[in-house]
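Asker: Fold the following, please.
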Amino acid sequence: MLSLARRSAQPEVARALANLVWLGLERLTQIAVAIAISGMLARYFGPDVFGKWQYANTLLLVLAPITWVCGAEILVPTIVHRPAPLGTMLGSAFVLRLSVSAAALLLTWGGIAAGLTDPLVGAMLAGLALTMVFREPFVGTINAWLQSMTYSKPQLLSSMVTALLKAGLVYLCVRATLAPARFGWLWAFEAAVIGAVLLAYYIRRHGGTLDWRIDRTLVRHFASAGGVFWLGLICMYLFLKLDRLMLERTISFADLGRYSAAQQLNENWIALALMLAQTLAPGFVYRVQEAAQLRRNILRLTVLTAALMAAGALVLDLLAGVIIRLVFGPDYTGAAEIFRWAVWLSVPAGIEAIGNLAVLKYQAKFVLLAKWLLALLIAFSVNWLAIPRFGAYGALIGLAAGYIAAASVNFFYLRYRVRP
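Answerer: Numbering: from 1, shown residues only. Predicted coordinates for the structure are as follows:
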């Protein structure tokens, strides 16, 4: 692919193809590292403590979208069109993101101090939550600048290296029998290192100085322009983690640990569907202007994705027992049956990911918000009824209902917006 990029007469295409290779390598590295780390921690912690660790991570992933104000869908186009000096745009975005992230961190630590969580969950979350201050203000802001140049290699390379470094540190801490409460600080360290590396790279590219400035008008614009997308992303991540939030109230942490082990693997499998969608989106959706061709492309991509996800789910279903035992150990054999059912969620998740490309193509922010709000409400209602009767399997039913609802909104929007 890289040789094809070099032969291309269009530099933009060459950069996009090279960027795509690095994106794929980074995603595969992150998936492999996440599975390896989860396996180590699951065996070291045991089901009960591992359940608390997974619940702390769930709380972080619900809180983190709060910091995603002024997302890439707003900042990157603004940088490309350059209505203000680059340093002013980045500085204004940084201040806004840092303010929101710091407020989210203080509220999180305040909730932990007030005893709103299990003590061990709170101790784990205290370190994990610090990542919010580094991820969006530093990593996110500089990454938006890199995306505007179609050159994400510095961010992706630093992310891969620090992920491998983190895996090594987790292994050493396990061997040293570090207390479970302290592991969250490794994730904060990883985020801080990536932020420092990218900040140093930006400074080196700009004459050895940080030329960021603050424009209050631009700060207000960033805060308001991305508000709807921001709320949509909050609803989406709350939907994705609602199963564990509601299960925590009805099952033991040990059972939650087994459920989370199955879902950890399943979410990495579903991530491949999202990576497939991101890979195919530019050539088959974003650059296509003719309505009939766009509808045909999305239909074909939907069928292809559903077939691939179904085939993969079938294989994972058959090998569930072996995979769970290999990754997490004999204490998690109860997760295998959950995993067998969970992998089939990849089919509606993949279909939803392809349909969502049309929503993103036309920047339909209110559709995005309505879709994930509907999915969240439906999943909550189904969980409320199904979890008391079916336990963990009820949570899977809620996820399936939410994905189907989101995919249906995509389908009706496509019929309305893209007419032959």
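
Asker: So, low pLDDT: which residues of the stretch 301-420 of the chain?
Answerer: For the stretch 301-420 of the chain, the stretches flagged by pLDDT under 70 are 419-420.

Asker: Show me where it has its helices.
Answerer: Along the stretch 301-420 of the chain, counting by DSSP state H, counting those that start in this stretch, helices occupy 320-328, 335-342, 346-361, 365-390, 392-417.

Asker: how far does the third one sit from the chain's center?
Answerer: In other words, helix 346-361. Distance, stretch centre to chain centre, for helix 346-361: 15 Å (CA atoms, centre = their mean, to the nearest Å).

Asker: Only C-alpha atoms, please: export it in CSV.
Answerer: The C-alpha coordinates for helix 346-361 follow below in CSV (Å, rounded to 0.1, in the frame of the first residue of the first chain):
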residue,chain,number,x,y,z
SER,A,346,-21.1,-7.4,16.3
VAL,A,347,-23.6,-7.9,13.5
PRO,A,348,-26.0,-5.0,14.4
ALA,A,349,-23.0,-3.0,15.6
GLY,A,350,-21.3,-3.3,12.2
ILE,A,351,-24.5,-2.5,10.4
GLU,A,352,-24.9,0.6,12.6
ALA,A,353,-21.3,1.7,12.0
ILE,A,354,-21.8,1.6,8.2
GLY,A,355,-25.1,3.5,8.3
ASN,A,356,-23.6,6.1,10.6
LEU,A,357,-21.2,7.1,7.8
ALA,A,358,-24.1,8.8,6.0
VAL,A,359,-24.9,10.8,9.2
LEU,A,360,-21.3,11.8,9.5
LYS,A,361,-21.0,12.6,5.8
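
Asker: Which residues does the helix or strand encompassing residue 159 contact?
Answerer: Using DSSP states H and E, the element containing residue 159 is helix 153-175. Residues from elsewhere that reach helix 153-175 (CB atoms under 8 Å, 6 or more residues apart in numbering): 18-19, 22-23, 25-26, 29-30, 33, 36-37, 40-41, 44, 139, 142-143, 146, 182-183, 186-187, 189-190, 193-194, 197-198, 201. (Glycine included, C-beta is placed from N, CA and C.)

Asker: Among those, name the buried ones.
Answerer: 18-19, 22-23, 26, 29-30, 33, 36-37, 40-41, 44, 139, 142-143, 146, 183, 186-187, 189-190, 193-194, 197-198 (16 or more other CB atoms under 10 Å).

Asker: Please compute how far stretch 189-209 lies from its chain's middle.
Answerer: The answer for stretch 189-209 is 23 Å, by CA atoms, centre = their mean.

Asker: how far does the helix or strand residue 231 falls within sit from the chain's center?
Answerer: Per DSSP H and E, residue 231 falls inside helix 227-247. Centroid displacement of helix 227-247 relative to its chain, using CA atoms, centre = their mean, is 11 Å.

Asker: and after that helix, which helix or strand comes next?
Answerer: Proceeding N to C from helix 227-247, the next assigned helix or strand is helix 253-281, under DSSP H and E.

Asker: Show me which positions of that following helix end up buried.
Answerer: 253-277, 280-281.

Asker: Compute the inter-axis angle for that helix and helix 392-417.
Answerer: 20 degrees (axes from the mean of the first three to the mean of the last three CA atoms, to 10 degrees).

Asker: so what secondary structure elements neighbour helix 253-281?
Answerer: Using 3 or more CB pairs under 8 Å, 6 or more residues apart in numbering; DSSP states H and E, the elements in contact with helix 253-281 are helix 11-63, helix 227-247, helix 291-318, helix 320-328, helix 335-342, helix 346-361, helix 392-417.

Asker: Please name whichever of those helices is nearest to residue 152.
Answerer: helix 11-63 (5.5 Å; CB to CB).

Asker: where in the protein is pLDDT low?
Answerer: Within the chain, the stretches with pLDDT under 70 are 1-16, 276, 278-283, 419-420.

Asker: cutoff 80 now
Answerer: 1-20, 23-24, 72-73, 81-83, 150, 226, 272-288, 418-420 (pLDDT under 80).

Asker: Going by the annotation, which residue ranges form each domain of this protein?
Answerer: Per the record, the chain has its domains at 1-225, 266-420, by automatic domain parsing.

Asker: Could you export the ones you listed to JSON lines, including columns for distance to residue 247?
Answerer: What follows is the domains of the chain, written out as JSON lines (distance: least, CB to CB, whole Å):
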{"stretch": "domain 1-225", "distance to residue 247": "9"}
{"stretch": "domain 266-420", "distance to residue 247": "5"}
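
Asker: Give the full set of residues in contact with the residue found closest to residue 264 once you drop the neighbours it is linked to in the chain.
Answerer: In this structure, residue 264 finds its nearest non-sequential neighbour in residue 38, 5.1 Å apart by CB to CB, 6 or more residues apart in numbering. Counting by CB under 8 Å, 6+ apart, residue 38 makes contact with 261, 264, 327, 328.

Asker: surely the second one meets residue 35?
Answerer: Read that as residue 264. Yes - contact criterion CB atoms under 8 Å: residue 264 and residue 35 qualify, at 7.5 Å.

Asker: Pull up the overlap in contacts between the two.
Answerer: Common neighbours of residue 264 and residue 35 (CB under 8 Å, 6+ apart) do not exist.

Asker: Quick check: closest non-adjacent residue to residue 302.
Answerer: Counting by CB to CB, 6+ apart, residue 354 is the residue found nearest to residue 302 once chain neighbours are left out, at 4.8 Å.

Asker: ok, the one you found touching residue 300?
Answerer: No - using CB under 8 Å, residue 354 is not in contact with residue 300, being 9.6 Å away.

Asker: ok, residue 401 touching residue 380?
Answerer: No - Residue 401 is beyond contact range of residue 380, at 10.0 Å (criterion: CB under 8 Å).

Asker: separation between residue 364 and residue 414?
Answerer: Using CB to CB, to the nearest Å, residue 364 is found at 10 Å from residue 414.

Asker: What of residue 182?
Answerer: 48 Å.

Asker: Could you do residue 328 as well?
Answerer: As judged by CB to CB, residue 328 and residue 414 stand 39 Å apart.

Asker: Contacts only, for residue 210.
Answerer: Per CB under 8 Å, 6+ apart, neighbours of residue 210: 87, 199, 202, 203.

Asker: Does it belong to a helix, a strand or coil?
Answerer: Classification of residue 210 using DSSP: H, G, I helix; E, B strand; the rest coil returns coil.

Asker: picking up where we left off before, Throw the contacts of residue 38 into TSV and include distance to residue 114, thanks.
Answerer: TSV is the format used below for the contacts of residue 38 (distance: CB to CB, whole Å):
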residue	distance to residue 114
261	30
264	29
327	36
328	33
